[in-house]
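# sequence and predicted model, in that order:
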Amino acid sequence: MESTVRRETGSEQSLLYAGQLGLLAALYFATAKLSLSLAIPPGYATAVWPPAGVALAAVLLVGNRVWPAIWLGAAAVNFTVQGSAVTAALIGTGNTLEALVGAALIRFYIGVPRSFDKSEHVFRFVALAAAASTLAATFGVASIAIQGKFTLSSLATNWWTWWQGDTSAIIVITPMILCWIDRNAPKWPASKKIEAVAVTIALAVVGYGVFGSSAATHDFHALPFVTLPIIVWAAFRFDQRGVTAAIAALCALAISYTVFGQGPFSSTSTNVSLLLLLAFICAVAMTGLVISAIFGELRRALEALRRSHDELEQRVADRTQELEGANRSLQEEIRRIEMLERSERRINEFLAMLGHELRNPLAPIRNALDLMRIRSTGDSTHEWSRNIIDRQVTQLTRLVDDLLDVGRITSGTIMLQKEPVEMNAAVLRAVESCQPQLDARRHTLELQLARDPLLVDGDPVRLSQIVLNLLNNAVKYTPNGGRIQIALEQEDDWALVRVKDTGIGMSANLIPIVFDLFVQEKRSLSRTEGGLGVGLTVVRQLVHMHGGSVTARSGGADMGSEFVVRLPMLTLKPTASGPDSRWHPKLPLAKRRILIVDDNRDSADSLAFLLSEAGHDVRTLYDGPSASSAAEAFRPQLVLLDIGLPQMNGYEVARQLRKSAELRNVTLVAFTGYGRDEDRQQTREAGFDYHLVKPLDAAALEKIIDSTPG
């Protein structure tokens, strides 16, 4: 049933297509045959060639599929001239290419102009019509010349006549067909129709007076311009249907009189007369189309402006107060949402950092405790393990103290034990506390104390803490071997403490919020600087509690930072249980070669001791770049790889190891303080086989080691 319907539909479409081709070919043949009666010898080139305009309009409206009708009509009519099939076929090919190429150019540069919306489109259309006409003229003249039908001296005359005839027809005929076949064009009201009749009568009277009356002599060359006001009238008062119809009517009227030897363009040569006439008609047509396009643009712009003005007035009158209220509510809601989003983002970042910072010291503590348990009491490992525990507990204590300080300050429960404090001494105490970190990072400290005592009414512990936090911040965010300056000075009644470094600097977006809680500059995965983003918040709160202020400055990335604390001075001089998670090493099922890569040396070394005690061959590395070469030399069967490594993070190291032919099948275990779902997803994508979160889950690690291929 469906196939039968498809066949019937296909047959109907084929009949419709055949009918279109037949009608177009017949129309082309009829108009061309009539036009050839005006051709110059040898009978092919004529100044009047309306089929060119008809063919181009057909291709633009129906599509390129009508080309067989154009070729058939052109070839058939040219065959009737002298009976040469070759010449007729070549001329038909040129006329077909003229329509196809012209339509392609117009579609590309203008579209399908049912009417010219812009004046520049008129000039483009004329230029493209002239360009396309060169194909038909060149093909036609060349095909006739090949057959030897005319002398070389008449070649230029025939080519120009052919080209101008086609160009003129496209300019006059094609726009008229496109405009009048547009089904969406607005209908004219009765008043417009009456005015159209008046224009037609005026055009007939003036046309007769210019081209047909006894006054229309070839000596009066200015007379044809009397017709121009009629075309301008049509352009002003009507859409482009009216002006194209007026141009076509004027052209037909003028050609009919000129052919019979009347009018200002008549001469001894009919071809010359027609060429001069059509040049004038093309100029008039371009003028009318341009004026029509300009006034169309103006009318559309005025109408749009009027509508916009009316709508705007109505809206302003009716809804001004409502919009103002809605705008205020919206702005408040936007600010509230942005604040909540920033707060949520900072809390999430803080929780991730807190988990990482707490897990890192817990891992070596767990390892050290296990080593102390499995080694004898007098073993030297005990002292080494106790040192590890001491260092990591100190780190944990510092983190907890920072959190407690923030909590006490924000809740208002912290109490300052104020007394006269000499700021030089407070700064020296802070420097003494930070000296180990300065030495570890090989920083150069330049200390410039004030000449005279700078007395401040404050809490000596908290004042030292302010300087210590700023100094710790400078140490963390300055690459190894950097320079840090601390300067104290008096400015009027204020004591100034400046802490300046040559570190990574701050972006312009960070500076205004650098003292906010949990705010930190975006970091790499290495997180070698550590911290929770609370130290500067404590600084600002403590400074404010002392009646001072603190500001931050930076020239940008890698330009260092400077923090300036201003404190009011005193004028007085100073007076005097769960499941057991400990590792119980057991003899492994098989000895494994294991490589540990972790920038936390305590964590890496303690874990290496434990694995060595279990009988494995263990190597340790503390950075990412050396992992690949060391792994190729050591050929480990299992790699315990930290994610937050300096210079090259664990993801990059894992991908590099997977690229190596020798290490492609090695078991990769992510051993890290990052334990969120997105972190586990990233490790899987990077090529890790397992993801363990610090501190060590001994049972899980032993199971992984036992399952690792030998």
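Great, that's in hand.
# what's the local residue count around Ala495?
Counted with other CB atoms under 10 Å, the neighbours of Ala495 add up to 27. Where you see a C-beta, it was placed from the backbone N, CA and C, and this is true even at glycine.
# what helix or strand does it sit in?
In the assignment (DSSP states H and E), Ala495 maps to strand 494-501.
# strand partners (parallel or antiparallel) of that strand?
strand 483-491 (antiparallel), strand 561-568 (antiparallel) (DSSP bridges).
# buried set for the helix or strand just after that strand?
Going down the chain from strand 494-501, the next helix or strand is helix 535-545, by DSSP H and E. Using 16 or more other CB atoms under 10 Å as the test for burial, helix 535-545 gives Gly535, Leu536, Thr537, Val538, Val539, Arg540, Gln541, Leu542, Val543, Met545.
# tell me how this structure divides into domains.
Following automatic domain parsing, the chain resolves into domains at 12-185, 415-568, 593-707.
# so for Val284, which of the ones you listed sits nearest?
Evaluated over the domains of the chain, closeness to Val284 peaks at domain 12-185, with 9.6 Å, by CB to CB.
# follow-up on the earlier one: what about the domains of the chain, which gets the closest to Glu338?
Checking those against Glu338 by CB to CB gives domain 415-568 as the closest, at 12.6 Å.
# now Phe634: phi and psi?
The phi and psi torsions at Phe634 (degrees, to the nearest 10) take the values phi -80, psi -30.
# could I get the pLDDT score of it?
Looking at Phe634, its pLDDT reads 88.
# cool, Arg373 as well?
66.
# where does pLDDT dip in the stretch 151-300 of the chain?
Per-residue confidence for the stretch 151-300 of the chain (pLDDT under 70) gives these ranges: 151-152, 214-221.
# so where do the helices sit in it?
In the stretch 151-300 of the chain, the segments counted as helices under DSSP state H, counting those that start in this stretch are 155-180, 190-207, 228-237, 240-259, 270-374.
# CSV for the ones you listed, including distance to Glu702 and mean neighbour count?
What follows is the helices of the stretch 151-300 of the chain, written out as CSV (distance: least, CB to CB, whole Å; neighbours: other CB atoms under 10 Å):
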stretch, distance to Glu702, mean neighbour count
helix 155-180, 84, 23
helix 190-207, 96, 14
helix 228-237, 94, 19
helix 240-259, 88, 23
helix 270-374, 12, 16
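# save those helices as CSV, and put in distance to Ile486 too.
Converted to CSV, the helices of the stretch 151-300 of the chain look like this (distance: least, CB to CB, whole Å):
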stretch, distance to Ile486
helix 155-180, 83
helix 190-207, 89
helix 228-237, 84
helix 240-259, 82
helix 270-374, 26
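# can you tell me how far the residue nearest to the spatial centre of the chain sits from Arg336?
Geometric centre of the chain, nearest residue: Asn509, 22.4 Å, by CA atoms, centre = their mean. To Arg336, Asn509 is 21 Å away according to CB to CB, to the nearest Å.
# tell me how far stretch 329-337 is from the chain's mean position?
Distance of stretch 329-337 from the chain centroid (CA atoms, centre = their mean, to the nearest Å) equals 28 Å.
# what number of residues lie near Thr268?
Residues near Thr268, counting by other CB under 10 Å, number 7.
# ditto for Pro512
10.
# just checking, Thr667 touches Leu641?
No. If you go by CB atoms under 8 Å, Thr667 and Leu641 don't touch, sitting 10.6 Å apart.
# what's the weakest-modelled helix or strand in the chain?
helix 381-411 (a mean of 62; mean pLDDT, DSSP states H and E).
# partner strands of the next helix or strand after that one and their direction?
Using DSSP H and E, the next helix or strand after helix 381-411 towards the C-terminus is strand 419-422. When pairing is defined by DSSP bridges, strand 419-422 lines up against strand 455-458 (antiparallel).
# nothing else from me, thank you.
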